[in-house]
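**Q** just coords:
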Ligand code: FEO
Ligand code: CA
Ligand code: CA
Ligand code: CA
């Protein structure tokens, strides 16, 4: 019964690993290899990483910190031996990155340089060997706060985007808080600017408050960079420059990356695109906050096979929608306990409520620019469904069904907060859930059906888990679903963020069977080291190899008292790192005995 859906990948699920263990664990018969690690130089004129002599200048040419979303595309004509990798660097953990005697100014400038994105070439000896990265690869590039991005779409050039660092509301320096992302059908990468609020000193405005921009931040970047203090004259709009879906062309190292206003501004987890039957591009995106919403963008123009320049404009103009989920069971049957309703399923219908349609705002009191920059406030007017923290939203290439990871929401159903509903049926939802959305073969549809696939958790600790009817005693415990991926035959893969604090097990990567009798079966494939989160899963080579971004290993430690030493286990502290897992290579034949000279 292994190998669901006919995948060639056969493995015996690993046992969950206790949260104190500082090991990377893979199934029997597999091995793991770091591909690229925080501090690795991308160019030969950049210094090797040195714990005690870090500089912002060096970091700008080295692989950044806290790798998150990762995507790998083979380079055409390379027989699968070369690839280009894209990676987000979401945030820093200055407490374990830098010696404690580092000046505040250096902490700020080095941490800033550790944010952003990386494009880097990979190479390998054969498909059976692990990848390593290529110093000075032609496509290698680091995106930092020095990189120019260009706004597109209806809010490009808007007064709302004019600030001390963008005099025209068109060009802006930098991206940040890049969490998840997606590969477009035309080969570019999307990346979501997520928790940008935590870098800004707020000015008390209502819009800022809805985005969580508040008082003094722990990082205090504004001591060094005035743009991060919105009480500074001219910088009031600075947070409006972040919170977008950006698009990067990894195949052209001279290209200017875009920030697409048409997909709205919120704490974008990421975005994933598919093409509708009529060729329009559909992008799904979650706003990762407790009680926030799920969004869908439908492009105005249609995809043209082979016209890459045109396709790269598809996310610039189109309609934007936010989701309302309607359950089909009586609300009395949704009591917050997680018990399955009498019709046997958490399910129902729903509607995509328009925010922008045919270039016109559909929200009373909001212009199009205001909808796209203050999207959360505009969406509030339409009363969409408040969700349990939407993370990755990803259409299955095999079936067209769309999967939504809802990571958790411990406030659900508590006093003064939104009650449970059929789409978010657990009170104080500690372990999160996964919804399957069905747009009935029309990705442009404004209506959808939906059902819950998994109510996550450890069945031994939580009576309210649900695995679409698969026996709970036969699954790997899983909590806090975050990033999603699919293998070559359409099995769903889920990486988690928050298991250690929830079920007491290290985060990991899991395969979920979607089709047939074993639908709902969860099998753990790997487990990351102590305090780390599993990000950016990629399944490749007909499912023989998997990549994950190991983010914030040892984040609960401090300099000199580290909780992790991953991946080198001999250095001063832990390093975030991209890991490849693949079947162990057979031991090479022993060297033949040298024949003595006659
Ligand atoms: Fe950066 Fe939604 O996690
Ligand atoms: Ca139902
Ligand atoms: Ca995430
Ligand atoms: Ca994450």
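**A** All right, it came through fine. A quick note: this is a predicted structure, and the numbers were derived from the prediction, not measured. Ligands and ions are numbered 1, 2, ... in the order given.

**Q** around ligand 1, pick out the residues from the stretch 251-400 of the chain.
**A** Applying C-beta under 6 Å from any ligand atom, we find that the stretch 251-400 of the chain lies next to ligand 1 at 269, 288, 391. In short, each C-beta sits where N, CA and C put it, glycine included.

**Q** surely the last one is in contact with residue 267?
**A** No: taking C-beta atoms under 8 Å as the definition, residue 391 is not a contact partner of residue 267, at 10.5 Å.

**Q** if you count what's nearby, which of those two comes out ahead?
**A** For residue 391 versus residue 267, neighbours defined as other C-beta atoms under 10 Å are more numerous around residue 391 (30 against 24).

**Q** okay, that one and residue 160: tell me how far apart.
**A** Applying C-beta to C-beta, to the nearest Å, the value for residue 391 to residue 160 is 27 Å.

**Q** returning to that earlier point: any residues in contact with both of residue 391 and residue 267?
**A** The overlap between the contact sets of residue 391 and residue 267 (C-beta atoms under 8 Å, 6 or more residues apart in numbering) consists of residue 288.

**Q** residue in the chain nearest to ligand 2?
**A** residue 329 (3.6 Å; C-beta to the ion).

**Q** quick one: contacts for the closest residue to that residue other than its chain neighbours?
**A** In space, and not counting its chain neighbours, residue 329 is closest to residue 341: 3.7 Å by C-beta to C-beta, 6 or more residues apart in numbering. Going by C-beta under 8 Å, 6+ apart, residue 341 touches 329, 330, 333, 334, 422.

**Q** show me where the stretch 251-400 of the chain has its helices.
**A** Under the criterion DSSP state H, counting those that start in this stretch, the stretch 251-400 of the chain contains helices at 308-311, 368-373, 375-382.

**Q** tell me the most buried of those helices?
**A** helix 368-373 (a mean of 23; mean count of other C-beta atoms under 10 Å).

**Q** list the helices and strands that one packs on?
**A** Other elements packing on helix 368-373 under the criterion 3 or more C-beta pairs under 8 Å, 6 or more residues apart in numbering; DSSP states H and E are strand 347-357, strand 360-361.

**Q** out of those, which gets nearest to residue 548?
**A** strand 347-357 (31.4 Å; C-beta to C-beta).

**Q** centre of the chain to the closest one, how far?
**A** 24 Å (C-alpha atoms, centre = their mean, to the nearest Å).

**Q** quickly run through the sheet partners of that strand, with directions.
**A** Partners of strand 347-357 in the sheet, by DSSP bridges, are strand 318-327 (antiparallel), strand 360-361 (antiparallel), strand 447-455 (antiparallel).

**Q** returning to that earlier point: and the residue of the chain closest to ligand 2, what does it touch?
**A** Residue 329 neighbours (C-beta under 8 Å, 6+ apart): 341, 342, 343, 346, 347, 348, 422.

**Q** gap between the two ends of stretch 419-433?
**A** One end of stretch 419-433 to the other measures 16 Å (C-alpha to C-alpha, to the nearest Å).

**Q** revised request: answer the last question for stretch 582-590.
**A** OK, stretch 582-590 end separation, C-alpha to C-alpha: 23 Å.

**Q** now stretch 540-552: buried residues?
**A** For stretch 540-552, a neighbour-count test (16 or more other C-beta atoms under 10 Å) marks 540, 543, 544, 545, 546, 547, 548, 549, 550, 551, 552 as buried.

**Q** close enough to count as contact, the second one and residue 487?
**A** Yes: taking C-beta under 8 Å as the contact criterion, residue 543 and residue 487 are neighbours in contact, 4.6 Å apart.

**Q** which residues do these two both contact?
**A** Jointly contacting residue 543 and residue 487 under the rule C-beta under 8 Å, 6+ apart are 7, 9.

**Q** picking up where we left off before, the residues of the stretch 251-400 of the chain next to ligand 1 also near ligand 3: which ones?
**A** Filtering those for proximity to ligand 3 (criterion: C-beta under 5 Å from the ion) leaves residue 391.

**Q** redo the residues of the stretch 251-400 of the chain next to ligand 1 as CSV? Include pLDDT and distance to ligand 4.
**A** Shown next, in CSV, are these (pLDDT from 0 to 100; distance: C-beta to the ion, whole Å):
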residue, pLDDT, distance to ligand 4
269, 98, 8
288, 98, 8
391, 98, 7
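
**Q** over to stretch 278-295 now: how far is its first residue from its last?
**A** Stretch 278-295: ends 20 Å apart by C-alpha to C-alpha.

**Q** near ligand 1, which residues of the stretch 1-150 of the chain?
**A** residue 90.

**Q** now the longest helix along the chain: average pLDDT?
**A** Longest among the helix segments of the chain by residue count, using DSSP state H, is helix 104-114. When pLDDT is averaged along helix 104-114, the result is 98.

**Q** likewise for stretch 347-364?
**A** 98.

**Q** mind listing what's buried in that stretch?
**A** So stretch 347-364, judged by 16+ other C-beta under 10 Å, has buried residues 347, 348, 350, 351, 352, 353, 354, 355, 356, 361, 362, 363.
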